[in-house]
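# Starting from these lines, generate the structure:
(one chain, ligands or ions: 1)
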Amino acid sequence: MKSSLALMVFILPFICAQVPHWGPCPEPAVQPAFNLKQFMGRWFEIAKLPAQFEKGRCIETNFTLKTDKSIRVVSSEILKGELRKIEGTGVTEDLKNPAKLGISYSYVLPYSPYWILATDYVNSALVYSCTDVLRLFHVDFAWILGRTRTLPDSTIDRAKEIFANNNIDVTRMIASKQLGCDKTL
Ligand SMILES: *[C@@H]1O[C@H](CO)[C@@H](O)[C@H](O)[C@H]1NC(C)=O
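So this is what the prediction gives:
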């Protein structure tokens, strides 16, 4: 009962928000020798998949390593003129694959995959999240993150190429709005 409710409340909106892909999740390569410490700090959302309507702008996430090795994740956006913040927890899900993180924004929710496919730590990062649903199909999310609010087109094109080479369809990826963010609200 409880789990079917969770399915309806948390999974259905994601499924409805996009076309699900048949079959299991792809298994993309992740950043080799991932350095969690260097990944910490402030990242701006440059582009994302899927397009979400009624989403805020100026989306950014601040990652901080906690003393227990978990990660404090604070995401913020401006929605309808208001700054909104949401705090979550990140963990290294697989010690053999340190670039495979999991993030949860509520203790009642399981960790969602948060895989760093590639990053140079100082300019950009490619993040992928995929969940199998009933082993029949999968829903996925992908983000291009930047240390600055904008990235050169060449960096974005290269990022999309890396996703595509890992069988992740990013043709419908859309640019995030990062304009007028640094003014006082
Ligand atoms: C990120 O979080 C850390 C720790 O909470 C804080 O000291 C820092 O000011 C934050 N940075 C931004 C840009 O919000």
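# what does this protein have sitting close to the ligand?
Arg42, Asn62, Thr64 (CB under 6 Å from any ligand atom). No exception for glycine: its C-beta is placed from N, CA and C like everyone else's.
# if we look at the sheet, which residues does the residue nearest to the last one when sequence neighbours are not counted bridge to?
In other words, Thr64. Nearest residue to Thr64 in three dimensions, chain neighbours excluded: Arg72, at 4.4 Å (CB to CB, 6 or more residues apart in numbering). In this entry, Arg72 is beta-bridged to Thr64, Thr89, by DSSP bridges.
# residues in contact with Arg72?
Phe63, Thr64, Leu65, Lys66, Glu87, Thr89, Gly90 (CB atoms under 8 Å, 6 or more residues apart in numbering).
# Which helix or strand contains Ser76?
Using DSSP states H and E, Ser76 maps to strand 71-79.
# Which strand or helix spans the residue in the chain that the ligand sits nearest to?
Nearest residue of the chain to the ligand (CB to the nearest ligand atom) works out as Asn62 at 3.7 Å. Using DSSP H and E, Asn62 maps to strand 57-65.
# List the buried residues in that strand.
Within strand 57-65, the residues that count as buried by 16 or more other CB atoms under 10 Å are Cys58, Ile59, Glu60, Thr61, Phe63.
# My guess is the fourth one contacts Val74. True?
Yes. If you go by CB atoms under 8 Å, Thr61 and Val74 touch, sitting 6.8 Å apart.
# returning to that earlier point: give me the angle between the strand holding Ser76 and strand 57-65.
Counting by axes from the mean of the first three to the mean of the last three CA atoms, to 10 degrees, strand 71-79 lies at 170 degrees to strand 57-65.
# buried stuff in strand 71-79?
Result for strand 71-79 [16+ other CB under 10 Å]: buried residues Ile71, Val73, Ser75, Ser76, Glu77, Ile78.
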